[in-house]
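Peer 1: Let me see the structure of the following:
(one chain, ligands or ions: 1)
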Amino acid sequence: MIHTRRFILASALIGAVAASFPALAAKPMVMGFSQVGAESEWRTANTTSIKEAAKKDGVVLKFADAQQRQENQVKAIRSFIAQHVDVIAFSPVVESGWETVLREAKNAKIPVILTDRAVNVSDPSLYATFIGSDFVEEGRRAGRWLVERAAKMPNKVINIVELQGTVGSAPALDRKKGFAEAIAGNPKLKVIRSQTGDFTRAKGKEVMEAFLKAEGKNINVLYAHNDDMAIGAIQAIEEAGLKPGKDILVISIDGVKGAFQAMMAGKLNVTVECSPLLGPQLMQVARDVVAGKAVPKRITTVESVFPAEVAAKEFPSRKY
Ligand code: AHR
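Peer 2: Residues are numbered from 1 along each chain as shown. Here you go, the predicted model:
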């Protein structure tokens, strides 16, 4: 009897406190996030942005690093489903092969948000929204910069080598496509070699060494799908006794601080911005999705292009 009375009193007290302070009563949102890995300066900034935004927003974040492997991401997503998280977000390593696991999330009624990279699925209802850059446009921006620059070059032919991102990933496929599209109208511009550098500095350097060995001074331009590979390649160019930024023009994508430093040192000619600061937007959209509100299917990040001429002015305000 005494126990029952105490229980009733305690419940009434908790109810009263919760009614006066709704924030105390609300259960924090739980998000499972599967990250690609830690392959680049960009990725590190992206991870920091997501972790900081979750903390600021009071979101319980279950974070899993896939180390650039799709099978690790599938495992992580399955584990989030088993833990009944409120929402799953992930940046897919590659575009294809997601139907099964995304259907499992849908059957468990857990919404999925794509960040940074897209998936290739026949049923778009398998994810709620996709927040990230327009990678094709980034490739076009890199190509347009070169077309303008080429107009001032006396060369009859301009030979380009391309360092692609991770095979099968959305940014590698799209940046290649956008760049090819933008230079297509100029017969002087020729891509003579194109190979993956897996978005890392080490691989970028290694592949550039091979390009230099095969083509030597024939190379006029390097187009790298990210800054890290460009920075690795710059080292290879210097070790080969050539001047990056002069003997070989260097174009890359991301806009990380390392790229600005390379531009200020005269070794990189332009970086096309790709913002990793997706955390705050992700938390906001996740809240809306979990609350059942309608959200746009595609949320595109606003970005610009930074040629070497503006690097010193822009550097102090760079956030990543
Ligand atoms: O998906 C975005 C790309 O992935 C960035 O350009 C690259 O640096 C990263 O590894």
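Peer 1: Get me the contact residues on the stretch 51-200 of the chain for the ligand.
Peer 2: Residues of the stretch 51-200 of the chain that fall close to the ligand, judged by Cβ under 6 Å from any ligand atom: 116, 117, 171, 199. All C-beta spots, glycine's among them, are computed from the backbone N, C-alpha and C.
Peer 1: I'd guessed the second one sits against residue 134; true?
Peer 2: No. Counting by Cβ atoms under 8 Å, no contact exists between residue 117 and residue 134, whose distance comes to 12.0 Å.
Peer 1: Among the residues of the stretch 51-200 of the chain next to the ligand, which ones are in helices?
Peer 2: In helices, defined here by DSSP state H, the members of those are residue 171.
Peer 1: and the residues of the stretch 51-200 of the chain next to the ligand as TSV, adding pLDDT and neighbour count?
Peer 2: Formatted as TSV, these follow (pLDDT from 0 to 100; neighbours: other Cβ atoms under 10 Å):
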residue	pLDDT	neighbour count
116	98	27
117	98	22
171	98	27
199	98	28
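Peer 1: Show me what residue 224 is bridged to.
Peer 2: residue 163 (DSSP bridges).
Peer 1: typo on my end, residue 305
Peer 2: Applying DSSP bridges to residue 305 gives these bridge partners: residue 272.
Peer 1: can you pull the pLDDT of it?
Peer 2: As predicted, residue 305 sits at a pLDDT of 98.
Peer 1: hang on, the earlier thing: could I get the residues of the stretch 51-200 of the chain next to the ligand as TSV with distance to residue 108?
Peer 2: Formatted as TSV, those follow (distance: Cβ to Cβ, whole Å):
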residue	distance to residue 108
116	23
117	23
171	29
199	32
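Peer 1: which one among the residues of the stretch 51-200 of the chain next to the ligand gets closest to residue 214?
Peer 2: residue 199 (21.9 Å; Cβ to Cβ).
Peer 1: In contact with the closest one: list those residues for me.
Peer 2: 39, 40, 165, 166, 169, 171, 172, 225, 226, 228, 229 (Cβ atoms under 8 Å, 6 or more residues apart in numbering).
Peer 1: Distance of it relative to residue 31?
Peer 2: Distance, residue 199 to residue 31, using Cβ to Cβ, to the nearest Å: 25 Å.
Peer 1: just residue 174 next, same as before
Peer 2: 26 Å.
Peer 1: for residue 296, same thing?
Peer 2: 19 Å.
Peer 1: Those two: who's more crowded?
Peer 2: Each of residue 296 and residue 31 has its neighbours counted (other Cβ atoms under 10 Å); residue 31 has more, 25 against 10.
Peer 1: In three-state terms, label the more buried one for me.
Peer 2: Recorded secondary structure, residue 31: strand (DSSP: H, G, I helix; E, B strand; the rest coil).
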